[in-house]
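>>> no FASTA, just this:
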């Protein structure tokens, strides 16, 4: 896997953040999870990890799949997620407006991140001063 973003140092990220054997830990693990790494645009790269990995704090912004939906606010409102539509291979960052998975027809509305990244590969909205969602709404599109 070749990551295309930048980790805040000169040049592209090398093998230390590529989720290869160099970052794998020699500890027991069961199953697998997805890692999602922000590229230089508003899309993310999905990487299936079958081992535990040690990630550097100075490496790329990385989200780790979590299958738990407990302890969230009502309808998961305001939680950050990574998603893709069934018809697409592109992963996207989003903020959940509401999620109702147990309805007869599941309902989810997500604010799809379409904004820029900072020079460190961080979504610009995460580094901006904001009081309400209207301060960053131009970085999102409601799906």
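It's in. Computed from a prediction, not measured in an experiment: that's the story for all the values here.

>>> residue 126 versus the most centrally placed residue in the chain, what's the distance?
With distances taken as Cα atoms, centre = their mean, residue 63 lies nearest the centre of the chain, 4.2 Å away. Noted for residue 63: a distance of 12 Å to residue 126, by Cβ to Cβ, to the nearest Å. Any C-beta I mention is one placed from the backbone N, CA and C, and that applies to glycine too.

>>> give me the common contacts of those two.
Common contacts of residue 63 and residue 126 (Cβ atoms under 8 Å, 6 or more residues apart in numbering): none found.

>>> just to revisit the earlier point, so which helix or strand takes in the residue nearest to the centre of the chain?
Secondary structure assignment for residue 63, by DSSP states H and E: strand 62-64.

>>> give me the next element, helix or strand, following that strand.
That would be, after strand 62-64 and using DSSP H and E, strand 80-83.

>>> can you give the strand pairings for the helix or strand that that following strand is followed by, parallel or anti for each?
Using DSSP H and E, the helix or strand that follows strand 80-83 towards the C-terminus is strand 91-100. If you go by DSSP bridges, strand 91-100 pairs up with strand 43-49 (antiparallel), strand 80-83 (antiparallel), strand 107-113 (antiparallel).

>>> strand 91-100: which residues count as buried?
Under the neighbour-count criterion of 16 or more other Cβ atoms under 10 Å, strand 91-100 has 91, 92, 93, 94, 95, 96, 97, 99 buried.

>>> how about the nearest residue to the fifth one, chain neighbours excluded?
Pointing back at residue 95 there. Excluding its sequence neighbours, the residue lying closest to residue 95 (Cβ to Cβ, 6 or more residues apart in numbering) is residue 111, at 4.5 Å.
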